[in-house]
Every structure is written in C-alpha cells, then in structure tokens.
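Novice: after the sequence you'll find the predicted model.
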Amino acid sequence: MSYPYQIHSFEQYQSVYEQSITHPEAFWESVAQHFKWQKKWDKILDWNFTEPNVKWFSGGKLNITENALDRHLQENPNGIALIWEPNHPNEKERRFTYSQLHEEVCRFAHVLKNNGVSKGDRVCIYMGMVPELAIALLACARIGAIHSVIFGGFSAHSISDRLHDAKATFVVTCDGAFRGAKEIALKEIVDDALLACDFVQKVIVLTRTRTPVSMIKVRDVWWHDEMKKVSGEQFANFEAEPMDAEDPLFILYTSGSTGKPKGVVHTIGGYMVFTTFSFVNVFQYKPGDVYFCTADIGWVTGHSYIVYAPLCAGATTLMFEGIPTFPDAGRLWDMVDKFRVNILYTAPTALRSLMSYGLEPIVKHDLSSLKVLGSVGEPINEEAWFWFNENIGKGKCPIVDTWWQTETGGILISNLAGITPAKPAFATLPLPGVQPVLVDEQGKEISGVGSGNLCMKFPWPAIIRTTYGDHERCRTNYFTAYPGLYFSGDGCLRDKDGNYRITGRVDDVLNISGHRIGTAEIENAINAHTGVVESAVVGYPHDIKGQGIYAYVIFKDDLDDPDLTRKDIASTVAHIIGAIAKPDKIQFVNSLPKTRSGKIMRRILRKIAEGETGNFGDLTALLDPSVVEQIQNGKLD
Ligand code: WTA
C-alpha cells in the first residue's frame, strides 16, 4: 500500500495546505481518487451552512469495507490487519490477517442478513473491546446497515433512550465484558433496556465471560451458533452492498448542552476519505508499522482510529480489552514491548494516571520500537506532555496533539508527526482542507494572535451531516451561534505562528477522563432522585480526570445521613446515565445563586468549585447575593 497523498516535509505541508484552501474540491478529489469506488462521483461538493446541507462525492457508489478489506486482499492478504490483546495477560492474543478479517466480516454479514437485518436498518452494538466488536461494525457497513455503538459504561436507561431515538430494531451484545479486575454483565443491562423497547426484533449475543444470561426464545440468538450456520465456503464472501457516498455509515450519540444526547450521523464517502487521509498524515504511518490506539470503540476515536482509518490504510491496528493499570501500571508498556508498537495513540487522562506510579513500571520494558506518540480527547497539560516525551518517547518520538470531536469525524488540528513542528500543549496547525476561525462573542472574526471561540468556515469531508431524526437540532447546535460557521463549542487561542491551543469547552459540556458529558444531563438525573428539589452541576479541575463533576444540590428534607444520601444520588445517576457520570462531589445547599429572571449563575458556582475565594465579579444581578457566601462556606475539599 502506498499513500500518494502522504506529506513528507513542512514545505510540502505549506504548499498542500495552500492548495487545499484555494481549491478544496480539486484537492479532495485528488485524495479520493486513491480509494476504491464502484462508481465515480458526479459532483465533488455541494454545501451551505444555513440548512446545513453538506454533500461530498454525490453520485459516487462504494462500500467502505471494500476499502478497509477487499482492496488489501491482492496486495497483502497475509498482512496482519488486527491484533487483539485480552484483558488478562495470561490469555493469548488473537491476530487476524486481512484475509481472515475479510472472511469473518463476510460471515457475520451473512448472520446479520439471516437474522433479518437489511440495508438502512439501525443496529445497536453494546459490547466489550473484543475483536468481534470491530467485526460487527464492518459487517453492518458491508450490508449497508447503520451501526450505533453504545459505550459499555452506559446504563440500561441510556441504551433504551438511544434505541428509541435511532429506532434500532437489532442489538449485538456480549454476555459480559472483562475490564481490569471487574466483569460487567452486559447482556443483563441490555435485557433491562429492552423491557422498554419491544420493537427490538433480534439480539445477537457473543459469549466472552460466560456469565449466565437469560436467552429469550425467538428474540435472542448466540453469535457462535449463528456463525456455525454460515461456516461453508459459500459464505466466505458477502458481496458488498453498493452504497451512495452520502448514505449514513453510523450514528454515534454524544452529549451537548441540552439534557438529551444527540445522534451524530456520519456518511460513508467523505468520512472514509478524510479519516484515512488524516491517519496517514498525522501519524505518518508507514506500511508494516504496528499502530496502537488505546481508545474504546464505544467512542468516536475508536470508530475512526482503531477501525476505519487504519484498515482503509491497510495498517496493522492493535486493540486492547483491558485498562492501563491492570494487572499493574506497566500494562501499556508491556504491550508496546510485546508487539513492537511503532505508533501509540492515547489520552492525557491515561498518562496522568500512569504518571502517579513512577518510572518503575516503565523501565522494565523495551520501548525502543516507538516512533510516534499521540494524544487525544482533552487538552494535554504540559506536565503530562513532558512526561510522555521523556519517559515514553525518550525524547526521540514526535508527539501529535490531535484536536477533533465526534462531530468532526476525524482530526482537524494537529501537528504531523516529525513533519510540522510540535509545541507542548498546542494542537498546532490545521490539517489540509481545514479552515479554522476564531470569533469573539459577537461573532466577529479575530485575526492574528488572539483567543476566541473555535469555528470552521468551510466543510471538510467528514463533517457531521445531521443529528439523527432531527435535522433542526443539528442546525441549532452547531450552525446558528455564528451564522455561516460551524461552531465547535471549544475556546481556543492562536499564537503568532498560527498555532492553535484548545482551552476547553465554552458551553455546558464537561470532559471527564476524556468522556463528554453535559451538565444538563447530569442535573436531570440528579433531579430524578426523590428528595432532590433542584441541582446545578459544574466541572472543576481534577488531577487525573482533567475535570471532575461538582454538584450543588437542594434537598427537600433535613438530612440525617448526608453521606448516605450522596451515595443514593450517585447511584441514581449511575442508573440513569451510567457510572461515568457519577458526581465526584455533592454539596447540599439551601439555595442556588439565581438572577431575578431565575437563571442560575453557573459562573459563580464554577469559581467556588475551582476553589476561588473572592473575585466573583459583579453580583448585583443576583436575587440574593448572600447565597454566594453561604455556598462558599459549605464548599467541599
Ligand atoms: C476535547 C473526541 C484539547 C474538546 C475526539 C472537544 C480536545 C471534545 C482535544 C470532543 C485536544 C478533543 N486538545 N481538547 N487534542 N481533543 N478535545 O466528541 O473539548 O468525545 O470539543 O471527541 O474533546 O470530544 P469527543
């Protein structure tokens, strides 16, 4: 596999970038031609940001799995596509060549078809990090079904909400998942979710933990039984469904500033071209490199940079079932050593947690295979950046700080490893085809050095197309704050060399260990608890997680046992959203700082949670300014 669109020098980046901005259509056409299309597109781009309506490569026909799998069968059938490392280091890893992965995907595509799944159907996937998860995604894409993966940390209630929203009639799950020392009973959670979803026709269950599960006649079938039915030679291939470039590939739910997560929709052609282009350039992937992304496929990073982009690039992608600290804090380094990993893509929260274990877990392992390091999910603080650089990269591996979002499909701002300069804590420069702008509160564009809200003024091929079932939501969420621009929700500053530094969300979205959660969502869940009158949730700086969740709660009765009530509230949140959204701190208060019109002044609550003791700004808008002091006096450490 060669990558004619790979950039090899800073000068080349500058000229390619220039070209991609002056002639974006010609630029993306020149990249797209290196993929396998069943029929070429009629039109490269159609767009406006008012509806919004973005179409790339309209009229083009393709199947992304022909690019991710079939295309490599002639050139590199025995090349390793996927390596899977299990949770327990004493269990053996599994490796899939391109030819084996192709066959598994085709067989599972037959299974989906045999169970009634057709093109356009929504298939919800709720599994642990097993190779069958990647196989399930690709099999959906093979037959043209739309997958909607739900991260294994979400509750039955969250699954049910998402199933309703996507009107998903099929579910693929596991009996259970291993996660460090824990075993999570996934099928049981699905069963609870399905009590409220009688429209689900089939549940395909993979056994991983062999946790006892209730298998309901007609509805529930075992993965391995279904695979046995398609064991013959005639099932080793599945003719890839011809898809339109703008047909949906997947839905992925993500949090915003409203109470309800939205189903971000990505379409096939543009997503494939952009994510693969970004993968090859940002990580400077070379054929034969072993690439390891530590993300979970339940989030967008796993979709784009464990499954689709690496496979479309013919790469070897390593996926990991466990957690970085099990059985000890040397787990990732052990894997780097064992598989001779060349490129490691991880998250600042993982690095910060590993930093606290010192160097002993690292020095035991040979990390000399590493060439490139990457970071994603939240701003990487300088301390973590330098630690990563010195102790893992040994000062010789470029670190790419990749900024992007579920909605952007792929990396928009990042240095290109070893090609464009890195700057600690800066995502640095935009990728070709990406046109960032900073605007002030009024929407006025800021030029040169400055800070403001980060927007994009031109569509890149993997931009969000819609929010499932509610296009208006997509418009109001991303395209109305600053007319004519896509608004990311992030604050950002730009230095004199044009480098971007992301400063964090400017809306009510928190980033907890790299997981996105809306404060309104958490408040709704807290308010569902029987004794809660009202609540307000803000983020505060947390050494490991980046941000922690601080909840101010008004409780209707006197509290006999505040600690027990805190646990009750946390358990309510875990039930409604999932354990990832449990508040770290719950402070009971008598009232909240509100304006005369009843709006909660979160700015003040945020400052108190951050530990500020004065300097709350102008309090005259408050109905009762004395509330601030009361809350401050009760602040939790
Ligand atoms: C944050 C994850 C700083 C940002 C791919 C964004 C980052 C949100 C970075 C998207 C980075 C992601 N530097 N902040 N390199 N990468 N973010 O949708 O606030 O889970 O808006 O996508 O994570 O989170 P999401």
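Specialist: That came through fine.

Novice: so the protein: which segments form each domain?
Specialist: Following automatic domain parsing, one gets these domains for the chain: 10-65+268-504, 98-241, 509-633.

Novice: end to end, how far does the second one reach?
Specialist: Okay, so that is domain 98-241. End-to-end distance for domain 98-241: 19 Å, by CA to CA, to the nearest Å.

Novice: same thing with the last one?
Specialist: Here the two ends of domain 509-633 are set 26 Å apart, with distance taken as CA to CA.

Novice: so it, near the ligand or not?
Specialist: Yes. Judged by CB under 6 Å from any ligand atom, domain 509-633 comes into contact with the ligand through Asn511, Arg516. The C-beta positions use only the backbone N, C-alpha and C, and glycine is treated the same way.

Novice: name the SS class of the one residue in the stretch 451-600 of the chain that gets nearest to the ligand, please.
Specialist: Per CB to the nearest ligand atom, Ile502 is where the stretch 451-600 of the chain lies closest to the ligand, at 3.6 Å. Assigned by DSSP: H, G, I helix; E, B strand; the rest coil, the conformation of Ile502 is strand.

Novice: identify the residues contacting it.
Specialist: By CB atoms under 8 Å, 6 or more residues apart in numbering, Ile502 lies in contact with Pro379, Trp403, Ile413, Ala427, Leu454, Asp490, Gly491, Cys492.

Novice: pick the one among those closest to Asn53.
Specialist: Asn53 lies nearest to Leu454 out of the contacts of Ile502, by CB to CB, at 22.4 Å.

Novice: residue contacts, the closest one?
Specialist: Pro436, Val437, Leu438, Phe487, Ser488, Asp490, Gly491, Cys492, Tyr500, Ile502.

Novice: mind running it again at 10 Å?
Specialist: 403, 412-413, 427, 436-439, 485-494, 500, 502-503, 506 (CB atoms under 10 Å, 6 or more residues apart in numbering).

Novice: same question for His224.
Specialist: Glu132, Val205, Leu206, Thr207.

Novice: just the ones of those in helices?
Specialist: Among the contacts of His224, the residues falling in helices (DSSP state H) are Glu132.

Novice: got CSV for the contacts of His224, with distance to Glu390, neighbour count and pLDDT too?
Specialist: Compiled in CSV, these are given as follows (distance: CB to CB, whole Å; neighbours: other CB atoms under 10 Å; pLDDT from 0 to 100):
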residue, distance to Glu390, neighbour count, pLDDT
Glu132, 38, 22, 98
Val205, 46, 23, 98
Leu206, 41, 23, 98
Thr207, 43, 14, 98
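
Novice: now stretch 317-325: how far from the chain's centre is it?
Specialist: With CA atoms, centre = their mean, to the nearest Å as the basis, stretch 317-325 stands 16 Å off its chain's centre.

Novice: start the count at 52 instead of 1 going forward.
Specialist: Okay, residue one is now 52; in that scheme the one you just asked about reads as stretch 368-376.

Novice: just the pLDDT at Asp608, thanks.
Specialist: Asp608 is assigned 82 on the pLDDT scale.

Novice: not counting sequence-adjacent ones, nearest residue to it?
Specialist: In this structure, Asp608 finds its nearest non-sequential neighbour in Gly582, 5.8 Å apart by CB to CB, 6 or more residues apart in numbering.

Novice: could you do Asp97 as well?
Specialist: Lys106 (4.3 Å).

Novice: just confirm the one you found contacts Trp98, I think it does.
Specialist: Yes. Counting by CB atoms under 10 Å, Lys106 touches Trp98, with 7.0 Å between them.

Novice: which one's more surrounded, those two?
Specialist: When neighbours are counted by other CB atoms under 10 Å, Lys106 and Trp98 differ, and Lys106 comes out ahead with 20 against 14.

Novice: how much space separates the more buried one from Met178?
Specialist: Lys106 sits at a distance of 32 Å from Met178 (criterion: CB to CB, to the nearest Å).

Novice: residues contacting the closest residue to Lys474 other than its chain neighbours?
Specialist: In space, and not counting its chain neighbours, Lys474 is closest to Asn550: 5.4 Å by CB to CB, 6+ apart. Applying CB under 10 Å, 6+ apart to Asn550 gives the contacts Ile464, Asn466, Thr471, Pro472, Ala473, Lys474, Ala476, Phe477, Ala478, Thr479, Leu480, Leu544.

Novice: what residues does this structure put near the ligand?
Specialist: With CB under 6 Å from any ligand atom as the criterion, the chain comes near the ligand at residues 305, 350-352, 427-430, 452-457, 478, 539-541, 553, 555-556, 562, 567.

Novice: just the buried ones out of these, please.
Specialist: Neighbour counting over these (16 or more other CB atoms under 10 Å) leaves 305, 350-352, 427-430, 452-457, 478, 539-541, 553, 555-556, 562, 567 as the buried ones.

Novice: close enough to count as contact, Leu124 and Tyr149?
Specialist: Yes. Counting by CB under 10 Å, Leu124 touches Tyr149, with 6.1 Å between them.
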